[in-house]
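Engineer: one predicted model, sequence on top.
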Amino acid sequence: MDVKNYISSGILERYVFGEVSSQEKQEVACLSKIYPEIQKELFAHQLGVEKMVSKYSVTPPQELKQQILLKVSNTSQDHSTTEDKDEKIISINRTNQKLESNKNIYKYLAAACSVGMILLLAGGFYLNNLNTDLKGTIAANDNKITDLEGDYNQMAATNESINQKFEIVTSASTSKILMKGTESQPTSLANVFVSEENENVYLQVGNLPGISENNDYQLWAIVDGKPESLGVFNTENKEELLEMKYFPKAQAYAVTLEPKGGSESPTMENMYVYGGV
């Protein structure tokens, strides 16, 4: 797979903004766990979105409501002062007309203030909800980033372990012992890699039959003519190198089928493979 072309296709950006299909979503999630480059790029895009959201999130200023109420109060006082002066110089009939007109003005003013207050409260409510939604999005992205960091760290640790095992088994100082099938199990096969320098023993399961949940395979080292247990294992992952217990100066290795948890001594009639050093 061409990882660079996949990254430059823009699918990671669409994934972060939720613009991919369910199939593409599963594809990105799967490939990000297989390829560290894709996972790193995906993490960078999600972090960028989080920073952008944090930068542009706004909260309505608290003093805005007080400023509007203060202006409304000052306007009402100005109208009252003007009307008091006018009442001193107009006739009684005109005064009644003026009072009626003022009532209408106050009604319009009160209605305008009510509409303004409703718009102010509605705007504040909308901005508050928007801010809450953005905070929720940031929190969700934080969780995703934490999960991705955990997956990345786990993958990095696994890759490091694989590289260390590969260096040991390919080293010139490491011996490979081929364990062939016995007469009762002629098709069985397994390999043991022994590093006397690093005191490591790795087992490659190879071709061993599947077993029930009530049994385990057990690896043995023949040291000075006596069997020493190197640990139990199963056949869940035949391609994986299993690190087993180390015994120096072993003359041979063998695998037997034992009850779950292993045995203190090998069951010779259940020996599957054997190989001399």
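Structural biologist: Sure, I can see it.
Engineer: can we go C-alpha only for contacts and neighbour counts from here?
Structural biologist: Fine.
Engineer: which segments of the protein make up each domain?
Structural biologist: 3-56, 63-166, 174-276 (automatic domain parsing).
Engineer: what mean pLDDT does the last one get?
Structural biologist: This predicted structure assigns domain 174-276 an average pLDDT of 94.
Engineer: show the end-to-end separation of that domain, please.
Structural biologist: Domain 174-276 stretches 15 Å from its first residue to its last (CA to CA, to the nearest Å).
Engineer: picking that back up, ranking the domains of the chain by burial, who's on top?
Structural biologist: A comparison of the domains of the chain by mean neighbour count, using mean count of other CA atoms under 10 Å, puts domain 174-276 on top with a mean of 18.
Engineer: return the alpha-carbon coordinates of stretch 11-20 using PDB.
Structural biologist: Presented in PDB, the C-alpha positions along stretch 11-20 are these (Å, rounded to 0.1, in the frame of the first residue of the first chain):
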ATOM      1  CA  ILE A  11      -9.500  11.200   3.500                       C
ATOM      2  CA  LEU A  12      -7.900  11.800   6.900                       C
ATOM      3  CA  GLU A  13      -9.200  15.500   6.900                       C
ATOM      4  CA  ARG A  14     -12.700  14.300   5.900                       C
ATOM      5  CA  TYR A  15     -12.500  11.600   8.600                       C
ATOM      6  CA  VAL A  16     -11.800  14.300  11.300                       C
ATOM      7  CA  PHE A  17     -14.700  16.500  10.100                       C
ATOM      8  CA  GLY A  18     -17.100  13.500   9.900                       C
ATOM      9  CA  GLU A  19     -17.500  13.700   6.100                       C
ATOM     10  CA  VAL A  20     -16.700  10.000   5.300                       C
END
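Engineer: who touches that stretch?
Structural biologist: For stretch 11-20, the external contacting residues (CA atoms under 8 Å, 6 or more residues apart in numbering) are 25, 28, 41, 42, 45, 46, 49.
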